[in-house]
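J.: Sequence and computational prediction follow.
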Amino acid sequence: MTLMALIPARGGSKRIPGKNLVLLEGKPLIFWSLDALRQSGVACEIVISTDSEDIAEACRENGYTVDWLRPAELSDDSASSVDVALHALEYYKKLGTNFDEMILLQPTSPLRSPESILGAYETFKKEGDKPLVSVSPVKDHPMRAVKIIDGRGLAFMESNGFMMRSQELPKAYSLNGSIYITKTSDLKKNLTFVPELFTPYIIMSNVESIDIDDAEDLRFAKYLLKSTRTQM
């Protein structure tokens, strides 16, 4: 089986200009994911899909291969991760290389550990190659969510947890955007990394689960890294 590890890294970003090359503890954001992938020991072909020559050159200078740039039509806000993944698969197919599996690691989840990447892939294989998505325990339980209609608040879910103690609530998880793994045949069929049924890979660590979307997230990631080192 051949595994592609896809790192999608757009040059543009509205909330953090040049986000994928922004420094986090002295290292560009994208290299946190790339280096963790290498350290995981998962045997794969690392593919960096970017429209930015600056990102491509930075990756090349650090020993990563970038042979092509993503086309403009796949480089704006409307392009999905699936679109980018299918483009990469088609590119290599034309060169005579077909991939059976894909792991998608978004640079905006820089603090996932090599151990989590390896553990997720081992779980994927153990569960019969069913699509796998990493999840984390929710901070705000969905059974305590509310909606507002005509100025009145009411439970968002028919079965609400307002009268239940926290320990009585069923465990709930949310996607953390850190790790996605799928057979490429499933991706082409489902056109999503998150089908209706998937294998969950639970990441308990708040540090590993952080997803950097704006400047506040970036400051929080720096704080978490500093706090982690202080505790060591």
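T.: Good, I have the coordinates. Numbering: from 1, shown residues only.
J.: Quickly find the element holding residue 108.
T.: Using DSSP states H and E, residue 108 maps to neither a helix nor a strand.
J.: Just give the nearest non-adjacent residue to it, would you?
T.: residue 212 (4.7 Å; Cβ to Cβ, 6 or more residues apart in numbering). For glycine as for every other residue, the C-beta is placed from the backbone atoms N, C-alpha and C.
J.: List phi and psi for that neighbour.
T.: Here is the backbone geometry of residue 212 (degrees, to the nearest 10): phi -90, psi 110.
J.: From residue 109, how far out is it?
T.: 8 Å (Cβ to Cβ, to the nearest Å).
J.: quick revisit: pull the number of nearby residues for the residue nearest to residue 108.
T.: With neighbours defined by other Cβ atoms under 10 Å, the count for residue 212 comes to 26.
J.: Return the residues in contact with it.
T.: Each residue near residue 212 by Cβ atoms under 8 Å, 6 or more residues apart in numbering is listed here: 16, 19, 29, 108, 109, 110, 218, 221.
J.: okay, stretch 196-211 in CSV with CA atoms only?
T.: Extracted in CSV, the C-alpha atoms of stretch 196-211 (Å, rounded to 0.1, in the frame of the first residue of the first chain):
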residue,chain,number,x,y,z
GLU,A,196,-21.2,9.8,8.0
LEU,A,197,-19.4,6.9,9.7
PHE,A,198,-15.7,7.1,10.5
THR,A,199,-13.1,5.8,13.0
PRO,A,200,-12.5,8.4,15.7
TYR,A,201,-9.0,8.9,17.0
ILE,A,202,-9.2,10.6,20.4
ILE,A,203,-6.6,13.2,21.3
MET,A,204,-7.0,14.2,24.9
SER,A,205,-4.3,16.9,25.0
ASN,A,206,-5.5,20.5,24.7
VAL,A,207,-2.0,21.3,23.5
GLU,A,208,-2.1,18.9,20.5
SER,A,209,-5.7,19.8,19.7
ILE,A,210,-5.2,23.6,19.2
ASP,A,211,-6.2,24.8,15.7
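J.: Now do the SS call for residue 97.
T.: Following DSSP: H, G, I helix; E, B strand; the rest coil, residue 97 is assigned to coil.
J.: nearest residue to it other than its sequence neighbours?
T.: Distances taken as Cβ to Cβ, 6+ apart place residue 2 nearest to residue 97, at 7.7 Å, with adjacent residues excluded.
J.: for residue 75, same thing?
T.: residue 51 (3.7 Å).
J.: what's the answer for residue 25, then?
T.: Computed as Cβ to Cβ, 6+ apart, the closest residue to residue 25 that is not its neighbour in sequence is residue 225, at 5.5 Å.
J.: swap in residue 197?
T.: Spatial nearest neighbour of residue 197, excluding adjacent residues (Cβ to Cβ, 6+ apart): residue 130 at 7.6 Å.
J.: Surely the one you found touches residue 198?
T.: Yes: checked against Cβ atoms under 8 Å, the pair residue 130 and residue 198 is within contact range at 6.6 Å.
J.: Which of the two has more residues huddled nearby?
T.: Each of residue 130 and residue 198 has its neighbours counted (other Cβ under 10 Å); residue 198 has more, 21 against 16.
J.: Phi first, then psi, for the more buried one.
T.: For residue 198, the backbone dihedrals (degrees, to the nearest 10) come out as phi -150, psi 170.
J.: and it, what does it touch?
T.: Contact analysis of residue 198 by Cβ under 8 Å, 6+ apart lists 130, 131, 132, 133.
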